[in-house]
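1. structure for the following, please:
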Amino acid sequence: MSIIYGIDDQKIITPLMVRDAMLECFYQAHCEASSLGIDDASVNREYCHEIVRKMFSNIGGNFDQPTKQDILKAIEALKTFSQSFRKPEIIKKHVVEIMKLVDKLK
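-> All right, here's what the predicted structure looks like:
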């Protein structure tokens, strides 16, 4: 059993679960360490949530009922966004982890 951003990859994976894993991944990568200068974890989490929601909107995807295609497009948008803040190897590490979940979607 492997847990990827709170998701057990040995169980059935849904697009909503992958979206939630993306939220947790983005939070851990960008907001958890108070990189925003905000010490309130709930504010940081909400900030990251809004960024991910905006990326779904930007690609014409449905944040609340994402499809596998929506998720793949959002991953690409988040990769591009993250290039301004993170090293390529860090981005790649997170994408590889999320793609393990995406690959289990029907």
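2. show the subsequent helix or strand relative to the longest helix along the chain.
-> Secondary structure of the chain per DSSP state H: the longest helix is helix 41-58. Under the assignment DSSP states H and E, the closest C-terminal helix or strand after helix 41-58 is helix 68-82.
3. for that next one, C-alpha coordinates in PDB please.
-> Extracted C-alpha coordinates of helix 68-82, given in PDB (Å, rounded to 0.1, in the frame of the first residue of the first chain):
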ATOM      1  CA  LYS A  68      -9.400  12.700 -16.400                       C
ATOM      2  CA  GLN A  69      -8.800  15.100 -19.300                       C
ATOM      3  CA  ASP A  70      -9.600  18.100 -17.000                       C
ATOM      4  CA  ILE A  71      -7.000  16.800 -14.500                       C
ATOM      5  CA  LEU A  72      -4.400  16.200 -17.100                       C
ATOM      6  CA  LYS A  73      -4.800  19.800 -18.500                       C
ATOM      7  CA  ALA A  74      -4.800  21.200 -15.000                       C
ATOM      8  CA  ILE A  75      -1.600  19.400 -14.200                       C
ATOM      9  CA  GLU A  76       0.100  21.000 -17.200                       C
ATOM     10  CA  ALA A  77      -1.200  24.400 -16.200                       C
ATOM     11  CA  LEU A  78       0.000  24.000 -12.700                       C
ATOM     12  CA  LYS A  79       3.400  22.800 -14.000                       C
ATOM     13  CA  THR A  80       3.700  26.000 -16.000                       C
ATOM     14  CA  PHE A  81       2.600  28.100 -13.100                       C
ATOM     15  CA  SER A  82       5.100  26.400 -10.700                       C
END
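4. buried ones in it?
-> D70, I71, L72, K73, A74, I75, A77, L78, K79, F81, S82 (16 or more other CB atoms under 10 Å). Every C-beta, even on glycine, is put in place using the N, C-alpha and C of the backbone.
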